[in-house]
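A.B. asks: Below: sequence and its predicted model.
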Amino acid sequence: MERKQNLRSVTGKKKRYVMIACIAVMLVLAAVLIIYAATHEKKSFHQPEMDSHAVEGTPQPDSGFLYGEVPTKYAYHFSMAANLYMQPDQSVYVYFTNASENTELLRCEITDAKSEKVLYESGVIKPGTYIEKLSPTMDLDNTARDITVKVYAYKDGSWYSAGTTIMNMKLQPW
């Protein structure tokens with residue numbers, strides 16, 4: 001005689017265990033999502049500060065500096081020294097100038113071309129102002145290095161980008 005096994009439905013006690021297990025899994029997943037969201041938060045824009053060393057007018061660099069206007073593909077233009085020499089105090093004379101005709105705010109950043117570390121950076125300057133020199137953001141050795149100069153332009157009042165001009169240059173030792 002053949003015996004058939006009777007199938008029993010899940011009892012109330014087992015249903016409760018299954019329900020508790022499902023809730024526990026959902027709570028763990030929610031906790032993982034919250035932790036992920038907190039640690040992978042998008043970086044928000046921080047408005048750059050105005051440069052306290054900005055001077056009104058046009059600089060008069062020594063004749064040894066190759067100072068002139070830099071053409072850009074944007075509506076703004078600026079001037080700066082093309083031959084950058086590190087000084088004994090590690091600063092660099094840039095004569096970074098925002099043309100008085102501009103409506104944009106400008107900011108300059110100089111990075112090491114290989115490591116992309118920021119070596120020098122200015123605050124924001126208004127049209128008709130300039131910065132004579134920049135101080136380093138870190139201790140630098142007195143060697144020649146390839147650098148990337150980035151000039152960021154912002155629309156006055158909105159802080160929307162008005163373009164970025166990038167130049168590859170050489171920083172010379174003193």
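C.D. replies: All right, it came through fine.

A.B. asks: where along the protein do the strands fall?
C.D. replies: 55-56, 67-70, 78-81, 84-85, 92-98, 104-112, 118-121, 129-134, 145-155, 161-172 (DSSP state E).

A.B. asks: mind giving me the domain split of the protein?
C.D. replies: The chain resolves into domains spanning 10-41, 55-172 when parsed by automatic domain parsing.

A.B. asks: Out of the ones you listed, which is closest to residue 48?
C.D. replies: Of all those, it is domain 55-172 that lies closest to residue 48, at 5.1 Å by C-beta to C-beta. C-betas here are computed from N, CA, C, even on glycine.

A.B. asks: Show me where the protein dips below the pLDDT cut-off.
C.D. replies: Across the chain, the ranges flagged by pLDDT under 70 are 1-12, 41-43.

A.B. asks: Redo the domains of the chain as CSV? Include mean neighbour count and distance to residue 47.
C.D. replies: Shown next, in CSV, are these (neighbours: other C-beta atoms under 10 Å; distance: least, C-beta to C-beta, whole Å):
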stretch, mean neighbour count, distance to residue 47
domain 10-41, 10, 18
domain 55-172, 16, 6
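
A.B. asks: re earlier: could you dump the strands of the chain to TSV with distance to residue 23?
C.D. replies: Conversion of those to TSV gives the following (distance: least, C-beta to C-beta, whole Å):
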stretch	distance to residue 23
strand 55-56	66
strand 67-70	63
strand 78-81	61
strand 84-85	64
strand 92-98	60
strand 104-112	51
strand 118-121	49
strand 129-134	58
strand 145-155	50
strand 161-172	47
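
A.B. asks: Which one of the ones you listed lies nearest to residue 37?
C.D. replies: For those, the distance to residue 37 is smallest for strand 161-172, at 27.0 Å, taking C-beta to C-beta.

A.B. asks: by contact count, what packs against that closest one?
C.D. replies: Counting by 3 or more C-beta pairs under 8 Å, 6 or more residues apart in numbering; DSSP states H and E, the packing neighbours recorded for strand 161-172 are strand 84-85, strand 145-155.

A.B. asks: Show me the strands paired with the last one, marking each as parallel or antiparallel.
C.D. replies: Looking back up the chat, that one is strand 145-155. Its sheet considered, strand 145-155 pairs with strand 104-112 (antiparallel), strand 161-172 (antiparallel) by DSSP bridges.

A.B. asks: For residue 36, find the nearest of those.
C.D. replies: The nearest among those, by C-beta to C-beta, is strand 161-172 at 29.3 Å.

A.B. asks: contacts for the closest one?
C.D. replies: Residues from elsewhere that reach strand 161-172 (C-beta atoms under 8 Å, 6 or more residues apart in numbering): 70, 72-76, 78, 82-86, 92, 104, 110, 113, 119, 144-155.
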